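**Student:** Okay, sequence plus prediction incoming.
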Amino acid sequence: MSDRPEIMHEPRGAQDFGVVEKELTVFERLFNMVWLRKCILLVLIAVIWEVYGRHLDNQLLVPTFSDTVTALWGGIKSGVLLDRSWTSVKVLLIGFSTGVFLAAVLTILAITTQVGTDFLETVTAMFSPLPAIALLPLALIWFGLGIGSLIFVMVHSVLWPLALNTHAGFRAVSPTLRMVGRNYGLSGLGLVLRILIPAAFPSILAGLKIGWAFAWRTLIAAELVFGVASGKGGLGWYIFESKNQLDIPEVFAGLLTIIMIGLLVENVIFRTLENKTVRRWGMQT
Amino acid sequence: MGSALEQTLPPPLLDVRGVTLQYKTREHLVTATYRVDFAVQRSDRFILLGPSGCGKSTLLKAVGGYMAPVEGEIHLKGQKITRPGPDRMMVFQEFDQLLPWKTVRQNVAFALETSGKLRGKAADDKAMQYIEKVHLTRFADSYPHMLSGGMKQRVAIARGMAMEPDILLMDEPFAALDALTRQRMQDELLGLWEETKFTVLFVTHSIAEAVKIGNRILLLSPHPGQVKAEMNSVPAGADPALAAALEARIHDMLFADKVEEDEHV
């Protein structure tokens, strides 16, 4: 039909090109490291803080970075800060695990029965907008001035976001995977444990992270409000006490500890869990 | 079909008698199939063929035990089917049928262990044996997200076959693959059948695939699905002209109504 010529080419050898593959320079490679960039930023913030603190020269308002670090070190050395942190973390673990357990019960009920679904949807819609701290006065009346009240408000802060996320995760599991599970003869709790929970794990993990963050904030706030729980105060109490004695560097040291524990859990524990599970399985990038 | 001929056949492995299937959508009650009869013999490559909307996938789900017929009965080896079970392994069209949190070998072994067929080392050995059959030994420890679509379907087939079910149920397993991969997978499936002579019930909407894969083809008409014909396919390695002729014949049967409509226009 047409008289257009056919065109053929031989690919050229690689030696003809300028660059096929070349290592980046040392600086380029350093700049590509996220943690290094963040560390530099942190150092910068510390320097600005130090300069501003010295310029202000008022320890009662803003102590310098070095004073805060000294207070932090002193607190760690004397064991007070570690002791207070441990008290907080212990309460947190009890509250968090209770919340996780209750969330598991609620969502399993919700996924197996229609009544359970309706119940879960109604109560999460009702309670999730309610800040845990708002329940503290009630908790004090019901459980008294002690660990019971703390756990009550923490369960409240963990339970709803975790249940909501887990339930959403369960519902998003593809019908094909459910059918595969039933094909193996699984049903009821077996199907939930062996198919639904791993398949919904990205959502569950997200729920755990949110729940943890809520619980940690709630705990510190609750401790600040009513301080000593069963004779031994936590980090919130440490801050409150230091403020009353006008030891402002200690207040800052307490805040720094809260940040560090938060970062540790977020970036070490949850990150490791993520890398070992959902990232490895390609369910989250 | 004479009754004398039927009497010479052994009792069927899978017997579908007068099966009417209905399912509910949000607004409608839909009849998917109406009084469908067919019988699958051991080592059959039995094809359910029809245009979309003929209820062939629904029919396969009913054989799988995922839904109960409103009329009629389905028997496997004389037992009435009431629920899903590992004696009827499904291979789905979707690539997400593998458990993403398990490696290829774990996926196959998990099926064996969960259904209580084999445990531990025995399950792992059996899994590897079938993974080798589908040429995926090198990828045994890869997670599904690292595999291509064709490889995922091969794992699903290995998983189905490793369970050594009475019948393998395949729901358009190659429909989501590219044309070249699909052809290779069809050849591989036939190769596997030559080795083990398993029984398979295979759903497809491709006439060419039906003629190539099947030894017996059930033609269904749409809305609701009713049996239009049950015919023998051409044997493998037969004259391509025979296959082409059969394809043309099936094509005419499936689209006869439509052609008439066209002619009236």
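**Tutor:** Great, that's in hand.

**Student:** Residue in chain B with the shortest distance to chain A?
**Tutor:** Nearest to chain A in chain B, going by Cβ to the nearest Cβ, is B:His145, at a distance of 2.7 Å. Placement of C-beta: from N, CA and C, glycine included.

**Student:** Leaving out the residues flanking it, which one is nearest to that residue?
**Tutor:** A:Gly282 (2.7 Å; Cβ to Cβ, 6 or more residues apart in numbering or on different chains).

**Student:** which SSE is the spatially most central residue of chain A in?
**Tutor:** Nearest to the mean C-alpha position of chain A, by Cα atoms, centre = their mean, lies A:Lys209 at 3.8 Å. Assigned by DSSP states H and E, A:Lys209 belongs to helix A:201-226.

**Student:** Quick one: mean pLDDT over that helix.
**Tutor:** For helix A:201-226, the mean per-residue pLDDT is 88.

**Student:** what packs against it?
**Tutor:** In terms of contacts (3 or more Cβ pairs under 8 Å, 6 or more residues apart in numbering or on different chains; DSSP states H and E), helix A:201-226 is packed against helix A:80-112, helix A:136-143, helix A:147-172, helix A:235-244, helix A:248-264.

**Student:** Determine which stretch of the ones you listed is the most buried.
**Tutor:** Comparing the helices and strands packed on helix A:201-226 by mean neighbour count (mean count of other Cβ atoms under 10 Å in any protein chain shown), helix A:147-172 ranks first with a mean of 23.

**Student:** packing partners for it?
**Tutor:** helix A:80-112, helix A:114-127, helix A:136-143, helix A:201-226.

**Student:** Check the burial of residue 185 by counting its neighbours.
**Tutor:** You didn't say which chain, so I picked chain A. By the measure other Cβ atoms under 10 Å in any protein chain shown, the count of residues near A:Gly185 is 18.

**Student:** Actually, chain B is the one I wanted.
**Tutor:** Close neighbours of B:Met185, defined as other Cβ under 10 Å, add up to 19.

**Student:** again, but for B:Lys117
**Tutor:** Neighbours of B:Lys117 under the rule other Cβ under 10 Å: 18.

**Student:** these two touch, right, it and B:Arg159?
**Tutor:** No. B:Lys117 lies out of contact with B:Arg159 (Cβ atoms under 8 Å); the separation is 11.9 Å.

**Student:** helix, strand or coil for B:Arg17?
**Tutor:** The assignment at B:Arg17 comes out as strand when based on DSSP: H, G, I helix; E, B strand; the rest coil.

**Student:** For chain A, what lies in contact range of chain B?
**Tutor:** Residues of chain A found near chain B (Cβ under 8 Å from any Cβ of the partner chain) are A:174, A:176-177, A:179-180, A:182-186, A:194-195, A:198-199, A:201, A:277, A:280-283.

**Student:** Please list only the buried members of those residues.
**Tutor:** Buried members of the residues of chain A next to chain B, counted by 16 or more other Cβ atoms under 10 Å in any protein chain shown: A:176-177, A:179-180, A:182-186, A:194-195, A:198-199, A:201, A:277, A:281, A:283.

**Student:** Okay, and which of the residues you listed map to helices?
**Tutor:** Within those, residues falling in helices by DSSP state H are A:176-177, A:179-180, A:182-183, A:198-199, A:201.

**Student:** And B:Met89, its phi and psi?
**Tutor:** The phi/psi pair for B:Met89 (degrees, to the nearest 10) reads phi -80, psi 130.

**Student:** can you check B:Val70 too?
**Tutor:** Phi and psi for B:Val70, reported as degrees, to the nearest 10, are phi -80, psi -20.

**Student:** contacting residues around A:Val153?
**Tutor:** Residues near A:Val153 by Cβ atoms under 8 Å, 6 or more residues apart in numbering or on different chains: A:95, A:132-133, A:135-136, A:139, A:218, A:222.

**Student:** again, 6 Å this time
**Tutor:** The contact partners of A:Val153, by Cβ atoms under 6 Å, 6 or more residues apart in numbering or on different chains, come to A:132, A:135-136, A:139, A:218, A:222.

**Student:** in the stretch 151-265 of chain B, which spans are helices?
**Tutor:** For the stretch 151-265 of chain B, the helices defined by DSSP state H, counting those that start in this stretch occupy B:179-196, B:207-213, B:240-264.

**Student:** out of the ones you listed, deepest packed?
**Tutor:** Of these, the one with the most neighbours on average (mean count of other Cβ under 10 Å) is helix B:207-213, at a mean of 21.
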